[in-house]
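K.L.:
any chance you could fold what I've pasted below:
(one chain, ligands or ions: 1)
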Amino acid sequence: INPEGKQKVAQQIAQKVKDGDVLGVGSGSTVYLALLAIADRLKTEQLNIKAIPTSLEISMFCAKLGIPLTTLYEHTPDWLFDGADEVDPNNWLIKGRGGAMFKEKLLISSSPVNYIIVDESKLVNKLGSKFPVPVEVFPQALLTVEKQLQQLGAVDIALRPAKGKDGPVITENNNLILDCKFDAIESGLERDIKSITGVIESGLFQGYPLEILNG
Ligand code: DER
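P.N.:
Coordinates of the predicted model:
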């Protein structure tokens, strides 16, 4: 992890903010740095901006920083910034270490411009080499989804455990997360995973219009 790199891209994002922007705001620690940099600008500039958050923790942080919140009911984003766990040479991503990949993908797919802010530790030649692909699953569908993920080539599937409470992580959509390791991630895998009934979303992003900002 390169703190200077993360700080650099955070500043780059803050400099992109214009008066009137509705921002899609992803989740994770790099996004936190970008929000701090944006809040710094708000201290000295009149910027009428709104943030559409992708998680409870981001909503709370924006509120704490005085960055006004809005929702997809009222706006779609003018542009978005978010982090990633892995980026490969195709600009495919693995996201979802933070468990917010449903709203992250919803916002990314509703935003015309998407900046993915990373440091070089996130860049990989082979997607899946450092992180599993998280899959959000309707709880009662767990067994049937697991079987079908294995048929898609998942070689190791783990129910994500909660920290600070017994039992599994429960997402903001009241679902569970299966962390899935694949030996190879080919084109179409995101679509195949999503086509399994009981799968809500995955943290695999293939073919989205993304601009990678690497500190
Ligand atoms: O959970 C997510 O998708 C986050 O964006 C994550 O992948 C990046 O988090 P980081 O900036 O803390 O590494």
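K.L.:
pull the number of nearby residues for residue 7.
P.N.:
Burial of residue 7, expressed as a neighbour count using other Cβ atoms under 10 Å, amounts to 17. C-beta: built from backbone N, CA, C; applies to glycine.
K.L.:
which stretch of helix or strand covers it?
P.N.:
Following DSSP states H and E, the helix or strand that holds residue 7 is helix 3-16.
K.L.:
would that helix count as contacting the ligand?
P.N.:
No. Helix 3-16 stays clear of the ligand (Cβ under 6 Å from any ligand atom), getting no nearer than 7.3 Å.
K.L.:
now the next helix or strand after that helix - C-alpha only, PDB.
P.N.:
Moving toward the C-terminus from helix 3-16, the next helix or strand (DSSP H and E) is strand 22-25. As requested, C-alpha coordinates have been extracted for strand 22-25 and formatted as PDB (Å, rounded to 0.1, in the frame of the first residue of the first chain):
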ATOM      1  CA  VAL A  22     -23.900  15.400  -8.100                       C
ATOM      2  CA  LEU A  23     -21.200  12.900  -7.200                       C
ATOM      3  CA  GLY A  24     -21.500   9.100  -7.000                       C
ATOM      4  CA  VAL A  25     -19.300   8.100  -4.000                       C
END
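K.L.:
downstream of strand 22-25, the next helix or strand is which one?
P.N.:
Later in the chain than strand 22-25, the nearest helix or strand by DSSP H and E is helix 29-44.
K.L.:
pretty sure residue 76 contacts residue 109?
P.N.:
No. In this structure, residue 76 sits apart from residue 109 without contact. The criterion is Cβ atoms under 8 Å, and the distance is 10.0 Å.
K.L.:
list the contacts for residue 160?
P.N.:
Contacts for residue 160 were tallied using Cβ atoms under 8 Å, 6 or more residues apart in numbering; they are 99, 134, 168, 169, 176, 177, 178, 179.
K.L.:
name the nearest residue to residue 104, ignoring sequence neighbours.
P.N.:
For residue 104, ignoring the flanking residues on the chain, the nearest one in space by Cβ to Cβ, 6 or more residues apart in numbering is residue 54 at 4.7 Å.
K.L.:
now do that neighbour against residue 160, distance only.
P.N.:
Here the distance between residue 54 and residue 160 works out to 18 Å (Cβ to Cβ, to the nearest Å).
K.L.:
thank you kindly, that will do.
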